Each structure stands twice: as structure tokens, then as C-alpha cells.
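S.K.: Test case, fold it:
(one chain, ligands or ions: 1)
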Amino acid sequence: MADLDQQDLDHEYALDRDCTTLSRHVLQQMQSSVEAQDLSAIMNRVALAAKLIARRLTRAGLVEDALGFTGRTNVQGESVKKMDLYANQVFISAFQQSGLVCRLASEEMENPYYIPDNCSIGRYSLLYDPIDGSSNVDINLNVGAIFAIRQQEGEDDGTAQDLLQNGHKQIAAGYVLYGPSTMLIYSVGTGVHAFTLDPSLGEFILAAENIQIPAHGPVYSVNEGNFWQWEESIRDYIRYVHRHEGYTARYSGALVGDVHRILFQGGVFLYPGTVKKPEGKIRLLYESAPLAFLVEQAGGRASTGTEEIMSVVPKQLHDRTPLIIGSKEDVALVESFIQEHQRDQRERLLASG
Ligand code: FDP
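M.R.: Below is the predicted model of the structure:
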């Protein structure tokens, strides 16, 4: 009997030390706050969606109709993949009976999806990118999902105007990385924490707590194929890293994968605007702002080059921003090139009268 008790104790200890589940962690982080139960339940639903999508991705090459394009274009004019549509729908289904999330807004849907039955209970909104890095899906490389949670403010007449606010209105954010293992990284404003899916348990288990981004890292992550489409300032930054020792390039084609590397090892990801598209490619509400929330919580920064991402107020749901995100010193270095060019331009304008 004594032995059994000891075994039980050891088991308990192992659970405490090694097996903190996501929902329990959210509750611990938020202590007695009134939102704790709600956010823990919402995070559980995100985890459920992530598990379903991970399962589909791991079997995508074996089942019919999982890979390739649907033949449709989304609100951004981009070709929609079958996996984009599937993942978008999984999030909707996961939240349909959540009782808490009243609106879902995703880059795959022109307008938010309303779940009126939930609105009397919870007034939360989920903003998400169901599959980030979709060009990687068909070739079995890493992809991700990005999400943020906001609280609805005032009444919504169907135009979701209250979502058009800056990133400080986010109460939680995170991403899922579908790589060799599936990871879920989140923050409710009390640091950044990483969980790994244990497929045998079907649970996300705590892998790293209070992650801090190094102030500087060797990686710069950018699609250099756009070199001649950028402003001179970005080209100058790239020339700088080419000419200085200690830099190395990494670009996976999925923002989540590149930001994940930077979160742990430091460096900078940039997707600048181009001369033709100064706003760049990355969507503010579904990508830049959630990742900015997370990276700031880990001691890093996110900027458009001239403004903190967290301060940017969108005019429309699907607005895009240039994005420079990662280690504090590396983001500041990119900004210094942009600011120097802006100063030069102003001086030239003044000189020309
Ligand atoms: P995708 O369009 O394939 O979903 O924001 C979307 C994104 O991927 C990022 O994940 C990725 O970093 C970037 O776009 C890739 O775009 P480029 O092919 O233009 O580099």
C-alpha cells in the first residue's frame, strides 16, 4: 500500500512537472480573473481546431480532395486551396457550439461569420488565418495558423466596425505551427508559452514557458526575389547584411515558421511593401497584429517601418501592412534604413524648393 501511495505521488509529480495542459495553463496564467474560464475554454476550441487540421495535414497525401486549388479566389484575389477552405470551416465548426465566440473573422471570408446563439453568452471575436503559408501545403512543408481574440464592443449592425481598432484591443493571440510536431504558442498578456501536441494523448503539453526573444539574432528572413520591387531603403538593409559577418538568411514561405524560428533564436522577418504595393502582403488583423502582440510579450518588436504594428488602426477588415518583426535590435536596424531614406527624401525636397 505504501509503495502504491509512493507511485501515485510520483505520478502526480510527473503530471505537475511535465504534463501541464493548455487549458490548465491558461487558468493558471489568468488566476482569478473573470475572463479566465472563458479564455481557457476558447483556447481549448482553438486547440481542437488545430488537432483536426493537423490530422488532415498529416494524411493529406493519402486522402482525396485534400490538396490543390478549389478553383475559387478569396476576397484578396488569391487562389483558394482546398486546405484553406477546410481549415477555415474547421474553426467555424469548433466554435459553433463554444457558447462564447459570437463572431469569427478570417482572411478567407469577405465578412465575419456570426453565431447569434453564442452572442448572449459570450461577446468574443476570433480573428484568424486558418492556413498561413498555403503554398507549402501541396509539398508537405510546414504551415501554420494565426489567431487573436478580441472582445466585442457595442452593438454590431453587421459591419463589425468595432474590429477596426488597434492591436492593443487583442486580449489573447497565438499561432499553431504544423511542422514535424504540431505546436501551439499563445499569450494572454502574461508572457509567451509554447505547447507541443502529444498525438498519443491528444493533448497540447507545455514545452516552454515565458519565452524571451534574444535582443539580436543572426537570421534575416525575407523573400529576396522581391529585391527590385522594394524601396531603396530595404535594398540598402539587405546590402548591409550581405556585407557584414554574422548574418544568415532563412525563408520558409510560411510566416509562422519563420517567426517561430526567430522567437526562439532571434533575428528579423520582413515583408516590406513594394513600389507598386506599398502596403505589402501581410494582413493586419489576422497576421501582423496577433504576431506583434505575441512578439512584444516575448520582449521583441513589430513595426511597419515607421509605426508600431500594435498602434495601426485598420480602415477595413482585410487591410495589409508592411511587417518587420522579431528581435528588438534587428527591427530597429531595418527601421534605421527606412528612416534615413525618409530624411534624405525630405532634405532633397526642401533643397529643390
Ligand atoms: P501564403 O500567401 O502562402 O499563405 O501571408 C501569407 C504568406 O503565405 C506568409 O505566410 C508567407 O511568409 C508569405 O505570404 C509568402 O509570400 P511570398 O511567396 O510572396 O514570399
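S.K.: For stretch 230-248, buried residues please.
M.R.: Residues 230-231, 233-235, 237-238, 241, 247 are the ones in stretch 230-248 that count as buried (16 or more other CB atoms under 10 Å). Glycine gets a C-beta too; all of them are placed from N, C-alpha and C.
S.K.: With stretch 166-176 instead?
M.R.: Neighbour counts over stretch 166-176 (16+ other CB under 10 Å) mark 166-167, 169-176 as buried.
S.K.: Out of the residues you listed, which comes closest to Leu141?
M.R.: Val176 (15.2 Å; CB to CB).
S.K.: My read is that the closest one contacts Ala50, right?
M.R.: Yes: contact criterion CB atoms under 8 Å: Val176 and Ala50 qualify, at 4.3 Å.
S.K.: any common contacting residues for the two?
M.R.: Taking CB atoms under 8 Å, 6 or more residues apart in numbering as the contact rule, Val176 and Ala50 both touch 145, 182, 184.
S.K.: helix or strand right after the helix or strand encompassing the first one?
M.R.: Okay, so that is Ala145. Assigned by DSSP states H and E, Ala145 belongs to strand 143-151. Downstream of strand 143-151, the first helix or strand assigned by DSSP H and E is strand 170-178.
S.K.: Distance from the chain centre to the following helix or strand past that next one, please.
M.R.: Downstream of strand 170-178, the next assigned helix or strand under DSSP H and E is strand 182-187. Counting by CA atoms, centre = their mean, to the nearest Å, strand 182-187 is centred 9 Å from the centre of its parent chain.
S.K.: C-terminal to strand 182-187, what's the next element?
M.R.: Assigned by DSSP H and E, the successor of strand 182-187 is strand 193-198.
S.K.: Now do that next one: which elements does it pack against?
M.R.: When contacts are defined as 3 or more CB pairs under 8 Å, 6 or more residues apart in numbering; DSSP states H and E, strand 193-198 sits against helix 22-30, helix 36-58, strand 182-187, strand 203-208.
S.K.: cutoff 10 Å now
M.R.: helix 22-30, helix 36-58, strand 170-178, strand 182-187, strand 203-208, helix 255-265 (3 or more CB pairs under 10 Å, 6 or more residues apart in numbering; DSSP states H and E).
S.K.: Compile these into CSV and extend it with columns for mean pLDDT and distance to Ser125.
M.R.: Formatted as CSV, those follow (pLDDT from 0 to 100; distance: least, CB to CB, whole Å):
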stretch, mean pLDDT, distance to Ser125
helix 22-30, 90, 18
helix 36-58, 94, 10
strand 170-178, 98, 10
strand 182-187, 98, 16
strand 203-208, 96, 22
helix 255-265, 98, 21
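S.K.: winner for burial among the ones you listed?
M.R.: Highest mean neighbour count among those (mean count of other CB atoms under 10 Å): strand 170-178, with a mean of 26.
S.K.: From the contact counts, what lies against it?
M.R.: By 3+ CB pairs under 10 Å, 6+ apart, strand 170-178 packs against helix 22-30, helix 36-58, strand 124-132, strand 143-151, strand 182-187, strand 193-198, helix 255-265, helix 289-297.
S.K.: I'm done for today, thanks for sticking with me.
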